[in-house]
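*Asks:* Sequence first, predicted coordinates after that:
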Amino acid sequence: MLPPELQARSHRPPYISTSISAPSFPTFNSPDINPNYSNGHVTTTNTISRSGSGSRRSLLQASSKTTSSSSRYSPSSFVHNARIAVALVPCAAFLLDLGGTPVVAALILGLMLVYILDSLNLKSGAFFAVWFSLVSAQIAFFVFSTSSLYLTFNQSVPLTVIALFLCAFSNFLIGVWASIQFKWIQIEYPTVVLALERLLFACIPFVASSLFTWAIVSAVGMSPNAASSYYLMSFSCLFYWLFSIPRISSFKLKQEILYHGGQVPTDNLILSELESCVHTLHLLFSPLLFHVASHHSVIFSSSSSISDLCLLFFIPFLFQLYASTRGALWWLTKNEHQIHNIRLVNGAVALVVVVICLEIRVVFHSFAHYLHVPPPVSYFLVTVTMLGGAAGAAACALGIIGDAFSSLVFSGLAVLVSGSGAIVVGFPILFLPVPTVAGFYLARFLTKKSLTSYFVFVALGSLVITWFVLHNFWGLNIWLAGMSLRFFCKLIIASVILALIIPGIALLPTKVHFLTEAGLMSHAILLCYIENRLFNYSSIYYYGLEDDVMYPSYMIVMTTFVGLALVRRLLLDQRIGAKAVWILTCLYSSKLSVLFMTSKSVLWVSAVLLLAVSPPLLLYKEKSRSSSKMKPFQGYMHACVVALAVWFCRETIFEALQWWYGRPPSDGLLLGFCILLSGLACVPIVALHFSHAMLAKRCLVLVVATGVLFILVQPPIAFSWTYHSEVIKAARVSTDDISIYGFMASKPTWPSWLLIAAILLTIAAVTSIIPIKYIVELRSFYSISMGIALGIYISAEYFLQAAILHALIVVTMVCASVFVVFTHFPSASSTKVLPWVFALLVALFPVTYLLEGQVRIKSILAESGVGDVGEDDSKLTTLLAVEGARTSLLGLYAAIFMLIALEIKFELASLMREKVIERSGLRHGQSGPNSSATFPPKLRFMQQRRASTVPTFTIKRISAEGSWMPAVGNVATVMCFAICLILNVNLTDGSNRAIFFLAPILLLLNQDSDFVAGFGDKQRYFPVTVVISAYLALTALYSIYEDIWHGNAGWGLEIGGPDWFFAVKNVALLILTFPSHILFNRFVWSYTKHTDPTPLLTIPLNLPSVIMTDVLKIKILGLLGIIYALVQYMISRQQYISGLKYI
């Protein structure tokens, strides 16, 4: 029997509509639906029914004519991505963990290359870059992880080889998955895409189940009780369900009208009969064979070991039979009657074996002390209970109970099972009718759908459960998880009774569904409380003895996902409302937080935070309705609730930061994380409901930036301004800090507030929260305030001992701030004043630099009491202090000149772009009266906005009065480059690599008739290349000079010193590199194409310099010469080919 989604309409249950136009809504178990066809209901049979009306027969004739086209290829998005991600994403994470840093680094570099190529619209390059990154990561994995795997597998070469092959094949499948996402591959290579899709579905069950089991075993160990085999069995069942159930290909042309009753040919399925058969064999035998291989020495040592063998085969066999209801055995036969017989007979045999093995392996092994009937009667009663219960459950699941006789048999079986179960656990014989009547009413509910019978069953079953708990646990004097066992028994009884009542309440009419919601929320809160106590209070006290009790983490994960699945199913069945879904989702999801933090209150704190953050996502889901959008007052209210929730979580945030940093965090750091968390929590509100409100976006950016700044800067906060709870006070009162870390000198941290204020003012101005663009007075106040704040911060942070220089530094920062702000937002008179501001800034540079040394020397000598510089220690200290301060000043001025050069370059580029727009607008205006229709709307809007904001400040006026900008930009660029060269000499002793990072600064040079005549956009790369060549050549000559003389008066006549041959050889090799550099720099200046192979002829001249030189800079020049020659030849050839194509 196929699933409803894969059945023909004639075979579907009667509650499914038979209308072709009826919509189908995907459920939790529905397959992925391809958007290229309407509903996706298909079957695997090729037969076509011949019954129906005349219109139906005409439809069938049309279907028969188009049968050949039904399986045509159709490029589309891959609809099985979620299914593949469930399997391959955890596998990729596990492989990255095994590979370590080298694999992660290789993958990150490769993905960066993929992103760049994809941004440049080079799709084929991005495709090959994906595979290149995966191959590089795999090579790194082989190189750096083989030895660790060899040791992991106890130096077993076969196991290591198998593990490496498994990892490589997993990497290959990830690459296949990435390849399917490329649209151009789907269009150009349709057969390849179909094969890749089939390859993924055929191979993932083997690979994913193995890697998942490997990961679990690595985490918990290879336990001797066959747990690892059960892990493999569980993952094999999971991936069999995901990939082996018949699925429709994403790339076949599927239109439901082409198939009678929604039927589709079998060639439209992803897997064929062969792959489905192999998957079945893997499901049945891989857990068993793995258990035999890993526990071969003990597989027949006891009855429990033999039971493990049977369970590892027959549990997957039962799962396979259940999966056959969804079409899993379509490859075996297409006859539904035969499938039903196979399912019935084999299921009965497998069920008997599984029940008997579970009795041996679980019941009599672990719960024998709860059985109050001596053997062999207990064997019989337990078998009757378990086998009868399993048979009844299977009959209900398969829908066998349909007539009066089967209902009578089922009721008798329920009475027998409940009675025997009550006897075996020691239920009083006098009250034996209670469980038997409960079983009868449960059977009556399942057969007659009577709610009264169900509530009778709940009442009687609750009595039985309460008796069992009281009889076995009530009298024990044990403290469990910080509470008495009696209180814990009350919680368990309440939880079980609620779990029994909720299904009956859910079946009541819609008017009383609030009872279902209340019951579900009560049960969720109770479950959260119980699991929080068991997981975080993991101690049991019994007569003064203490022992650890482990509540497994997988129980929390399992109950969480079961609860979320139940909530989703009830929502789809319209049993609960959106508000209940919101609360239940937050409660169940918050349970996962206990797995990551040890705080005893983290669960409730997480629940409160989720309840505050999630309403925009869960309560306002229907975007098509205007009522689902928040009103402004609702947005403000939710934002306030988020802030209050974060404040409520402050102690948990404190504990998390303390665990991460190893020490109690400062108040500034804690406040920064609270602000950042509040801002991030408000992102759904702004993104989903106020995406049209620019003010909301700007305020959100400002809040997030404030949090980040507080985290990075950690400003001091007065003790009276902060709230210190008992937890925070206890964490900060530590007597070990001084003994471990010692006394640390305090440094003034109040200037950090000025830095935060300056950055926040900048963000507010950039996001137009402060309208400096339109108000000149506000612009002036803003620029001066920024300069003063940054000047005081820099002075107080880096130049504490030079108080006289503070005024000069503040003036410098004010000049820089005014220049940058008014260059970006010019006023009517700013173009006349700004050149003088820049001149003042340039003049302050040497004054501040020279005055720093004099003031620092005098202050230090005055403090030390030394009247002259005769003492060596004082002299050395003074010189080092002056040198450090001057280096800091050089860095400050280099940053200022860099900022000015960047700003001017940006403004000139914007000016040229606006001129082009203006000229194009004039041409459109002269073309005719209808030119406004062809003029781009965006450009019209820009002109209108420009005309409305600055009506008297036109482009021509900027061009006339702002002619100083290129010259100022060039001066700033040259000064920045020169200062950076000086810093390179002072900090790195003239590093060879530094010039390649400093030379691109010269790209900021502008076309200027005063200083750089004839320099234009065409020659923008010439300064970079010529500076690199000149710098390396001059420093190479200096290195030769330094090595020859080396402080000697002669030509290195000492034994072992450099002689004249060293100088002549290296100078000659240096000269050999000149031709290629000269030709390339001429080419970069003129871009004149050369058809002759002159650049290639200079390559041999550079080879001796690379091979024979003793100076590293000459070798670099030789390598650059070879690269320059090749690049020049390739560019010239490309220009020549482009010219031929144009002709």
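*Replies:* The structure has been received and is ready for your questions. Residues are numbered from 1 along each chain as shown.
*Asks:* Can you say which helix or strand has the nearest residue to Thr1035 once chain neighbours are set aside in it?
*Replies:* Distances taken as CB to CB, 6 or more residues apart in numbering place Lys1113 nearest to Thr1035, at 5.5 Å, with adjacent residues excluded. For every residue, glycine as well, the C-beta is placed using N, CA and C. Secondary structure assignment for Lys1113, by DSSP states H and E: helix 1112-1142.
*Asks:* and that helix, how far from the chain's centre?
*Replies:* Centroid displacement of helix 1112-1142 relative to its chain, using CA atoms, centre = their mean, to the nearest Å, is 41 Å.
*Asks:* in it, what counts as buried?
*Replies:* Buried residues in helix 1112-1142, counted by 16 or more other CB atoms under 10 Å: 1113-1118, 1120-1122, 1124-1125, 1128-1129, 1131-1132.
*Asks:* sorry, back to before: which residues touch the residue nearest to Thr1035?
*Replies:* 992, 1032-1033, 1035-1036, 1039 (CB atoms under 8 Å, 6 or more residues apart in numbering).
*Asks:* Out of those, give me the one that has the most neighbours.
*Replies:* The residue in the contacts of Lys1113 with the most neighbours, by other CB atoms under 10 Å, is Ala1036 (25 neighbours).
*Asks:* For it, which non-adjacent residue is closest in space?
*Replies:* Nearest residue to Ala1036 in three dimensions, chain neighbours excluded: Lys1113, at 4.0 Å (CB to CB, 6+ apart).
*Asks:* Can you give me the distance of the one you found to Ser593?
*Replies:* The spacing between Lys1113 and Ser593, counted by CB to CB, to the nearest Å, is 58 Å.
*Asks:* Just give me the neighbour total for Arg650.
*Replies:* Residues lying near Arg650 (other CB under 10 Å) number 19.
*Asks:* Next: Ala789.
*Replies:* 23.
*Asks:* swap in Ala219?
*Replies:* Around Ala219 there are 8 residues (other CB under 10 Å).
*Asks:* Helix or strand: which one has it?
*Replies:* Taking DSSP H and E as the definition, Ala219 sits inside helix 190-220.
*Asks:* before we move on, what about Ala901?
*Replies:* Per DSSP H and E: Ala901 is located in helix 872-926.
*Asks:* and that helix, average pLDDT?
*Replies:* Across helix 872-926, the average pLDDT comes to 74.
*Asks:* Could you do stretch 812-826 as well?
*Replies:* On average, stretch 812-826 scores 88.
*Asks:* could you dump it to PDB, C-alpha only?
*Replies:* The C-alpha coordinates for stretch 812-826 follow below in PDB (Å, rounded to 0.1, in the frame of the first residue of the first chain):
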ATOM      1  CA  THR A 812      44.200  68.300  14.600                       C
ATOM      2  CA  MET A 813      41.200  66.100  15.100                       C
ATOM      3  CA  VAL A 814      38.700  69.000  14.800                       C
ATOM      4  CA  CYS A 815      40.300  70.100  11.500                       C
ATOM      5  CA  ALA A 816      40.200  66.500  10.200                       C
ATOM      6  CA  SER A 817      36.500  66.100  11.300                       C
ATOM      7  CA  VAL A 818      35.500  69.400   9.800                       C
ATOM      8  CA  PHE A 819      37.300  68.700   6.500                       C
ATOM      9  CA  VAL A 820      35.800  65.200   6.100                       C
ATOM     10  CA  VAL A 821      32.200  66.200   7.000                       C
ATOM     11  CA  PHE A 822      32.100  69.400   4.900                       C
ATOM     12  CA  THR A 823      33.700  67.600   2.000                       C
ATOM     13  CA  HIS A 824      31.000  65.000   2.000                       C
ATOM     14  CA  PHE A 825      28.200  67.500   2.700                       C
ATOM     15  CA  PRO A 826      29.400  70.800   1.300                       C
END
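*Asks:* how much distance is there from it to the middle of the chain?
*Replies:* On CA atoms, centre = their mean, the centre of stretch 812-826 falls 40 Å from the chain's centre.
*Asks:* what sits up against it?
*Replies:* Contacts to stretch 812-826, defined as CB under 8 Å, 6+ apart, come from residues 772-773, 779-780, 782-784, 786-788, 790-791, 794, 830, 833-834, 837-838, 840-841, 844-845, 848, 892-893, 896, 899-900, 903-904, 906-907, 953, 958, 962, 965.
*Asks:* Would you mind checking those for buried ones?
*Replies:* Those of the contacts of stretch 812-826 that meet the buried threshold are 772, 779-780, 782-783, 786-788, 790-791, 794, 830, 834, 837-838, 841, 844-845, 848, 892-893, 896, 899-900, 903-904, 907, 958, 962, 965, by 16+ other CB under 10 Å.
*Asks:* What is the helix or strand where Ala390 lies packed up against?
*Replies:* Using DSSP H and E, Ala390 maps to helix 377-398. Under the contact criterion of 3 or more CB pairs under 8 Å, 6 or more residues apart in numbering; DSSP states H and E, helix 377-398 touches helix 336-358, helix 404-424.
*Asks:* please redo it, this time with the cut-off set to 10 Å
*Replies:* Secondary-structure packing of helix 377-398 (3 or more CB pairs under 10 Å, 6 or more residues apart in numbering; DSSP states H and E): helix 303-323, helix 336-358, helix 364-366, helix 404-424, helix 433-448.
*Asks:* Reformat the ones you listed as CSV; add mean pLDDT, mean neighbour count and distance to Leu288.
*Replies:* CSV is the format used below for the helices and strands packed on helix 377-398 (pLDDT from 0 to 100; neighbours: other CB atoms under 10 Å; distance: least, CB to CB, whole Å):
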stretch, mean pLDDT, mean neighbour count, distance to Leu288
helix 303-323, 89, 20, 5
helix 336-358, 88, 16, 13
helix 364-366, 79, 13, 20
helix 404-424, 88, 19, 30
helix 433-448, 89, 21, 35
